[in-house]
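[1] Build me a model:
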Amino acid sequence: MKGIFITFEGPDGAGKTSVLEEVLPRLQMVAKAPLVKTREPGGIPIAEKIRTIILDPKNTAMDERTEALLYAASRRQHLVQKVLPALMEGKIVLCDRFVDSSLAYQGAGRRIGMEAIAAINEFATEGTVPDATIYLDVDSDTGLERIARSRKHDVDRLDTESPEFHQRVRHAYLKIAEQNPQRVIQIDARMRLEEVVEATYQAIVQRFPEYFA
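    Modelled structure (predicted):
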C-alpha cells in the first residue's frame, strides 16, 4: 500500500498547528500505517535553517522573489529528504503547509502572481500534489485577532503584514479551494477548536477509509 500525503492549509490565525496537534493522536489510534507529522518551511535541519531566515522579523530588506525562492528551496529539500521517502514506505504524511501556501502568500499576498509561483514550485516539487488538503478557513480579522492574543512574543515577519495583505491571502485560498474541489476539503475554522478537530478527523477518515479503521 502506497502512502498518502495530506496537507493542512489556512490563513494566519486559522489554527492549523493546533488542529494538527489535536487530530494526530486520534488518527494514530485508527491508522493502518505509520503517521508522519511535519511542517513547512522546516521539517528537517536544512529547511528549518531556511525557515529561520524567512520568518525573522529583522529581515525587512528581503525581496519578495527572494522570499518565494527560499520557500521553494526549503520545500524541495524537505520533500526529497522526508516526505517522498515516507510515502515510498507506505506512511501517512501530515504536513503543515505546502505549495498552496506559496500560491496564497507570495502569489497573491506579495502580488508576484500565482502563475509565476506555480511555475517555481512545479520545478521544486516535480509536480508533487497532495492526495488531500484540509483548508481551515477564517476571515482575516478573526485570524489577526487570534494572533494578537496568542503570539504576543512570537510574531514572525508575515504576521506583521497589513490587513490588506492577509485579505489577499485568504481570497487566494478560497480561489484554490474552488478550483480544486476534489483535493481541497474546506472547514470553517471559526468554530470552537474541538469542533474543528472533529470535522477534520471525520473528513480524513471518510476520504481514506482504506487507511483508517
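
[2] what about this structure, any weak spots by pLDDT?
    1, 151-157, 159 (pLDDT under 70).

[3] Helix or strand: which one has Val197?
    Assigned by DSSP states H and E, Val197 belongs to helix 193-207.

[4] Show me what that helix packs onto, helices and strands only.
    helix 16-30, strand 132-137, strand 184-188 (3 or more CB pairs under 8 Å, 6 or more residues apart in numbering; DSSP states H and E). Where C-beta positions appear, they are placed from N, C-alpha and C, glycine not excepted.

[5] tell me the angle of it relative to helix 16-30?
    50 degrees (axes from the mean of the first three to the mean of the last three CA atoms, to 10 degrees).

[6] Tell me the buried residues in helix 193-207?
    For helix 193-207, a neighbour-count test (16 or more other CB atoms under 10 Å) marks 196-201, 203-205 as buried.

[7] quick one: contacts of it?
    The contact list for helix 193-207 (CB atoms under 8 Å, 6 or more residues apart in numbering) reads 6, 15, 18-19, 22-23, 26-27, 30, 132, 134, 136, 185, 187-189, 191, 212.

[8] buried subset of the residues you listed?
    6, 15, 18-19, 22-23, 26-27, 132, 134, 136, 185, 187, 189, 212.

[9] just those now: which is nearest Gly107?
    Leu136 (19.0 Å; CB to CB).

[10] need the contact list for that closest one.
    8-10, 14-16, 19, 187, 189, 196, 200.

[11] Noted, bye for now.
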